[in-house]
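Novice: Have a look at this prediction, sequence included:
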4 protein chains.
Amino acid sequence: MPNKVKVAILGATGAVGQRFVQLLEGHPWFEVTALTGSDRTVGGTYGDGVRWVLPGSVPEYVRDLPVLPTAPGFDAQLAFSALPTDVAKEAEPALAAAGVAICSNASSHRMWPDVPLLIPEVNPDHTGLIAAQRRSRGWTGFIVTNPNCTSTGVTIALRALHNAFGVEKGVLVSMQAVSGAGYPGVASLDTLDNVVPYIGGEEEKFAAEPCKMLGTLNGDSTAVDFLPAVFSTHTNRVPVLDGHLVVVSLGLTRAASPEAAAAALTAFEAPAVVQGLPSTPARVIEVRTEPDRPQPRRDRDTGKGMTTVVGRIRPDPLFTLRMAILSHNTIRGAAGGAILNGELLVRQGFLG
Amino acid sequence: MPNKVKVAILGATGAVGQRFVQLLEGHPWFEVTALTGSDRTVGGTYGDGVRWVLPGSVPEYVRDLPVLPTAPGFDAQLAFSALPTDVAKEAEPALAAAGVAICSNASSHRMWPDVPLLIPEVNPDHTGLIAAQRRSRGWTGFIVTNPNCTSTGVTIALRALHNAFGVEKGVLVSMQAVSGAGYPGVASLDTLDNVVPYIGGEEEKFAAEPCKMLGTLNGDSTAVDFLPAVFSTHTNRVPVLDGHLVVVSLGLTRAASPEAAAAALTAFEAPAVVQGLPSTPARVIEVRTEPDRPQPRRDRDTGKGMTTVVGRIRPDPLFTLRMAILSHNTIRGAAGGAILNGELLVRQGFLG
Amino acid sequence: MPNKVKVAILGATGAVGQRFVQLLEGHPWFEVTALTGSDRTVGGTYGDGVRWVLPGSVPEYVRDLPVLPTAPGFDAQLAFSALPTDVAKEAEPALAAAGVAICSNASSHRMWPDVPLLIPEVNPDHTGLIAAQRRSRGWTGFIVTNPNCTSTGVTIALRALHNAFGVEKGVLVSMQAVSGAGYPGVASLDTLDNVVPYIGGEEEKFAAEPCKMLGTLNGDSTAVDFLPAVFSTHTNRVPVLDGHLVVVSLGLTRAASPEAAAAALTAFEAPAVVQGLPSTPARVIEVRTEPDRPQPRRDRDTGKGMTTVVGRIRPDPLFTLRMAILSHNTIRGAAGGAILNGELLVRQGFLG
Amino acid sequence: MPNKVKVAILGATGAVGQRFVQLLEGHPWFEVTALTGSDRTVGGTYGDGVRWVLPGSVPEYVRDLPVLPTAPGFDAQLAFSALPTDVAKEAEPALAAAGVAICSNASSHRMWPDVPLLIPEVNPDHTGLIAAQRRSRGWTGFIVTNPNCTSTGVTIALRALHNAFGVEKGVLVSMQAVSGAGYPGVASLDTLDNVVPYIGGEEEKFAAEPCKMLGTLNGDSTAVDFLPAVFSTHTNRVPVLDGHLVVVSLGLTRAASPEAAAAALTAFEAPAVVQGLPSTPARVIEVRTEPDRPQPRRDRDTGKGMTTVVGRIRPDPLFTLRMAILSHNTIRGAAGGAILNGELLVRQGFLG
């Protein structure tokens, strides 16, 4: 790829923005040419404005870039958005109208009927909504979104199980890392020696998003027919830095032994259009057979944080199967997922 | 009560044994006259043999007591057992045969048909098994057990809901404190920045024990007819010191709004025979209405650790209701629960 | 005490304010008649305005009290101040001018020459500054302060050692709990699996405050002659909820064996005027002899959080002695310390 | 290097042994040909015998290797020892007598006069002791040791400062990660919400080892003349996974401003013989200028865990300078340090 795609990072100084900065360093297809931030930081350099919270230091390649306002005018075709929901609500449509292709991590537009909620390994064809989105809104750019960090890993595992056995229902209980709330995010006084059994708005997203992603494009590619599965969700905050662990009791359409489920999960491959993208993991799903895995700290970095790790697959006395699913929330479930979406868009020809 | 009942603590040097020592200090009905320990500690004083892991120091009243072997011969009518399972398997029957009444926290005999698995507020009539137990085994003493720390709080809440609406099924997911594993127990390398989605043998106990406790004595009081409910259980270890939090999706026989469930839980009272016992909490169940409670650290000490705290009661799209249930695992779920069992036995006349 | 002293809590909704509310419940001498808060909360009730972060619930006795502005006009003689530094700077002098006696936890006026920096067991005579303070400033009320939470326990231990051996210098290294930073305070992303070797402004206070408290009132009671000791301080934030642990290498004027130091610390008693105050601990200092104590979680509640716990006393190859000193930072080092100051003022006749 | 040196890992199943396995995967100079373990594991494969506690999984390359007894007979010239102290005491001399070159992480022989206590960047010439060691003991192999994990980073920083300004004394206070104690090591009940101000035997090592490493070979290369510096040490265990943080107050021979010290630390380079070894970090020491760094989680992986990170350099009111020093305890301070020692021995011609 001789000419890299110029990309912007919207909301680059926040915790997810920093992950974009980190993961895009040396990216083979993308070149970061614009960083946007809040009023406090606009006008200075990124190095001066950011309070770097990831390990190590601000990467050299962005240190001297100016922080720009989040508005049309920067030199980039594609924008990765780490904007807060309320900012995204206004800014992303304005940018899409001005011709920018947006891969957004914000929840603001995920449930718009004509906006793809996209995981390349799960529903790459949902980018078929983009044409209708542009047409009806009169945009020259467009918006594509990645799901909530909790939905991500679960939906990938459900895709493999749905293909093999049909997914009908489930009780899904998350134990989520603090990095999911950004920085400063969760107070130490709330997490030390504690669990908080509540994350505002999360249970609703976690129940609905998998149904959109596992759904099918309608006949004229203007909307998605949701999978009619029902999920009972519980979301909890635990004292873990990165990695959302979800334990599930699943009801499947067809009988499935733990061995058959493990085989289906292990055999699951990314669709052809997704294979070989720079951020596609070698293994989409890894099944662990130890009795006590996956664990957030020990398994979150599998496949550079892009692999979904499943374990403890066992029969369920109420439904069909129980299991535990782990996914890195700020890589696979946020910045890494959005970047993979961007790569898919390039391959599918949506960028020039 | 002019003459206190003489009590022994079996396995007094371990983590649960220490809780017994702490909770029995100044008890109005019980006087600790014997402490037993492992070979390593037998022969010395308790103060020398114990590695005290609770806050503060070894209470004065036990410091100079000799550590005895766990075998018949000590001067106590009633014994609280904090023995490890394998030791309890041999030692408790031997002591019961020798005339000792045992309130055991060990899992060894919980599922014996003629052994009460007892929570005073839930099934005080199950002590009706004691006569058959003595008769068939030829014992002059007897064994009564309290449930697993994870089952305890959930069963108390289920008792109230079962009375009001009927309990048929549920998915029960625990987030358990490290103190449940004793000392040294869980390694720091397993808990810091981590969750372990597995506790050996725990899911089976957690699925079965509530059904025994919510069951009914059979006609001739020789066994319990289990409640035919089905529970899908998941047990997880989280970086919390004390307090087991369980989130549940429950299927009830009759419709129940969150408000009606909250009312039933709040109105639940200990049966008359349990009221006014020294360790009976003022409120058996406390319902919290904040969106983010109960939390282990902030709610575990409610009612001196003997109250079950319920919150987040909300409708469930699959079954009837979702909620979160918290119980102090080493007080209500272990030593405190066993002591309350002992108090019930005194009131019911089983001790002299 | 038939007529309780009416007291206000300034900044009552913050983390330290909540500790005041908790510790003043049922206080034998004080009756809380006024609570002040920020603009956001003024006008509503305390129960509505506070986000309670301590264990359990908002105490009943304050739930329906109105939140008042932090300004003259409330009905209380004595005010306990949990105000932020910048607010305290303006508000406390205004209230003192209006006749209110203030026991402040804020750092704003600690180093004013005519303001007592007070620990009753250490320097109860420093209240002798109050007359000069009133005279020169024309106030009918006055300000008394308690030290920084890190200085507190160390200064108490130093008082005992200084009396016995003379204190000349020391290297003081703190490992401080997150509650010292209030709520929300320290971000989880900064404390999980981490230590932050910096707390803004803390090292300077920690080096200077002990010298003021261990100093002596000058001849005309208008200022304090500081103890000419030199302290090299390091302050670190560790993942602990409550309890500041400080390890020290101390240079004393006279030779002191570990045994002699332990004896001097254990024998240290509160001056007569401090004995029997409601919040004076039974033991001012407790010396532990186990090799691995004091520890924050296991020792912070000694003496209801008002006792200073010292351990690991051993020779120092550079100076005289090494040891570890623990003090509960939000009880002894903040609210509890200020309340004890208020009690001393009552006994010394400064309140009516 | 066409023919790799065959190396053994002694005590390969423990926590440090696992780090050796991890760091030696794909090493350009070394090929792991033998793994030894305890009686429990000998006879089986490494994959079966190890309870892998590092992130991810047992590396493929060792999974099927047999676990051997720790005794002469394996096919390797060089052995990296992760043996427990008591085992090392017997086994290492036996192996050295049998011709094996040993790079040991155990403390057993560090203070033997004729055994190098070696950090390549600090004292590469101390391998000059090997000839005398072999001669006097009649060994064909030899023992070289790396220091205690706490001594390592501090000694590297002291080397740079000693070269520039002379080091005379210091108060050194560590906050150490739990991985330093191996697995299972420190109990969760000891670390959650806690600090333990004691690590058995550690303070003595931490005070003595830097003096040996900063000392000079005597005239006939039979022993080291220690640096006559005096250190007052305090060692504490904090709830951190990896990375030992040490804060120091240092007395230097010559005046040193913080800027001059920072310059000396930054300019410090490995001696020529150490440059370009596979594990030599690009930067031996990195100085950070933010007020709140270094922090264990954010800085421990600098230079793949081999760089020492220094920050908070500021004047000291008692001695010369204060600063904070961070080093990865299981990489630089254990397995990585020993491997670098092995590389130095190869370059210096001690291995064939």
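Specialist: Happy to help now that I have it. Numbering: from 1, shown residues only, chains lettered A, B, ... in the order given.
Novice: Might you report the residue contacts of residue A:297?
Specialist: By C-beta atoms under 8 Å, 6 or more residues apart in numbering or on different chains, residue A:297 lies in contact with A:240-241, A:243, B:192-194, D:55, D:241. Yep, even glycine has a C-beta here, placed from its N, CA and C like the rest.
Novice: Would you work out how far apart the start and end of stretch A:110-118 are?
Specialist: Stretch A:110-118 has an end-to-end distance of 9 Å (C-alpha to C-alpha, to the nearest Å).
Novice: Look up phi and psi at whatever residue of the stretch 251-352 of chain A ends up closest to chain C.
Specialist: Nearest residue of the stretch 251-352 of chain A to chain C, counting by C-beta to the nearest C-beta: residue A:297, 8.7 Å away. Reported as degrees, to the nearest 10, the phi and psi values for residue A:297 are phi -70, psi -30.
Novice: ok, which of the contacts of residue A:297 also contact chain C?
Specialist: With C-beta under 8 Å from any C-beta of the partner chain as the criterion, the subset of the contacts of residue A:297 in contact with chain C comprises A:240-241, B:192-193, D:241.
Novice: buried stuff in the helix ranked longest in chain A?
Specialist: In chain A, taking DSSP state H as the definition, the longest helix is helix A:149-165. Using 16 or more other C-beta atoms under 10 Å in any protein chain shown as the test for burial, helix A:149-165 gives A:149-162, A:164-165.
Novice: How about stretch A:343-352?
Specialist: For stretch A:343-352, a neighbour-count test (16+ other C-beta under 10 Å) marks A:343-348, A:350-351 as buried.
Novice: Tell me which residues are up against that stretch.
Specialist: Here stretch A:343-352 has contacts from A:5, A:29, A:77-78, A:101, A:103, A:118, A:120, A:124, A:127, A:130, A:142, A:144, A:273-274, A:277-280, using C-beta under 8 Å, 6+ apart.
Novice: Tell me the gap between the longest helix of chain A and the middle of its chain.
Specialist: 13 Å (C-alpha atoms, centre = their mean, to the nearest Å).
Novice: At the contact with chain C, which residues of the stretch 1-150 of chain A appear?
Specialist: Residues of the stretch 1-150 of chain A lying near chain C (C-beta under 8 Å from any C-beta): A:15, A:53.
Novice: Okay, strands next: where are they in the stretch 1-150 of chain A?
Specialist: Under the criterion DSSP state E, counting those that start in this stretch, the stretch 1-150 of chain A contains strands at A:5-10, A:30-36, A:67-68, A:78-81, A:101-104, A:142-145.
Novice: wait, which of those is closest to chain B?
Specialist: strand A:142-145 (23.5 Å).
Novice: What is the distance between that closest one and the centre of its chain?
Specialist: Distance of strand A:142-145 from the chain centroid (C-alpha atoms, centre = their mean) equals 13 Å.
Novice: can you dump the C-alpha coordinates of that strand into CSV?
Specialist: C-alpha atoms of strand A:142-145 as CSV (Å, rounded to 0.1, in the frame of the first residue of the first chain):
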residue,chain,number,x,y,z
PHE,A,142,-20.7,8.0,6.5
ILE,A,143,-20.8,6.6,10.0
VAL,A,144,-19.9,3.0,11.0
THR,A,145,-19.9,2.0,14.6
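Novice: can you give me the helices in chain A?
Specialist: For chain A, applying DSSP H gives helices covering A:15-24, A:46-49, A:60-63, A:85-97, A:129-137, A:149-165, A:188-191, A:202-213, A:258-267, A:296-299, A:336-347.
Novice: want to try TSV for these, with distance to residue B:15 as columns?
Specialist: Output for the helices of chain A, formatted as TSV (distance: least, C-beta to C-beta, whole Å):
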stretch	distance to residue B:15
helix A:15-24	38
helix A:46-49	50
helix A:60-63	50
helix A:85-97	45
helix A:129-137	57
helix A:149-165	34
helix A:188-191	24
helix A:202-213	35
helix A:258-267	34
helix A:296-299	25
helix A:336-347	42
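Novice: out of these, nearest to residue B:254?
Specialist: helix A:202-213 (24.6 Å; C-beta to C-beta).
Novice: List the buried residues of that closest one.
Specialist: In helix A:202-213, counting by 16+ other C-beta under 10 Å, buried: A:202-203, A:205-213.
Novice: Of the ones next to chain C among the contacts of residue A:297 - the most surrounded one?
Specialist: residue A:240 (30 neighbours; other C-beta atoms under 10 Å in any protein chain shown).
Novice: okay, now residue A:92: neighbour count?
Specialist: Residues within reach of residue A:92, counting by other C-beta under 10 Å, total 25.
Novice: do the same with residue A:39
Specialist: Other residues close to residue A:39 by other C-beta under 10 Å number 9.
Novice: which ones are touching it?
Specialist: Residue A:39 touches residue A:69, counting by C-beta under 8 Å, 6+ apart.
Novice: Please name the residues that touch residue A:284.
Specialist: Counting by C-beta under 8 Å, 6+ apart, residue A:284 touches A:121, A:156, A:160, A:268-270, A:307-308.
Novice: Swap in 7 Å and give it another go.
Specialist: A:121, A:156, A:268-270, A:307-308 (C-beta atoms under 7 Å, 6 or more residues apart in numbering or on different chains).
Novice: likewise residue A:123?
Specialist: Counting by C-beta under 7 Å, 6+ apart, residue A:123 touches residue A:213.
Novice: pLDDT value on it, please?
Specialist: Residue A:123 is assigned 98 on the pLDDT scale.
Novice: Within range of chain D, give me the residues from chain A.
Specialist: By C-beta under 7 Å from any C-beta of the partner chain, the residues of chain A that approach chain D are A:55-56, A:192-193, A:297-298, A:301-302.
Novice: can you put these in JSON lines and add pLDDT?
Specialist: Shown next, in JSON lines, are those (pLDDT from 0 to 100):
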{"residue": "A:55", "pLDDT": "91"}
{"residue": "A:56", "pLDDT": "89"}
{"residue": "A:192", "pLDDT": "98"}
{"residue": "A:193", "pLDDT": "98"}
{"residue": "A:297", "pLDDT": "98"}
{"residue": "A:298", "pLDDT": "97"}
{"residue": "A:301", "pLDDT": "98"}
{"residue": "A:302", "pLDDT": "98"}
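Novice: quick one: which of these is nearest residue A:223?
Specialist: Lowest distance from residue A:223 to the residues of chain A next to chain D (C-beta to C-beta) belongs to residue A:302, with 34.6 Å.
Novice: hang on, isn't the closest one packed against residue A:287?
Specialist: No: the criterion here is C-beta atoms under 7 Å, and residue A:302 misses it with residue A:287 at 11.1 Å.
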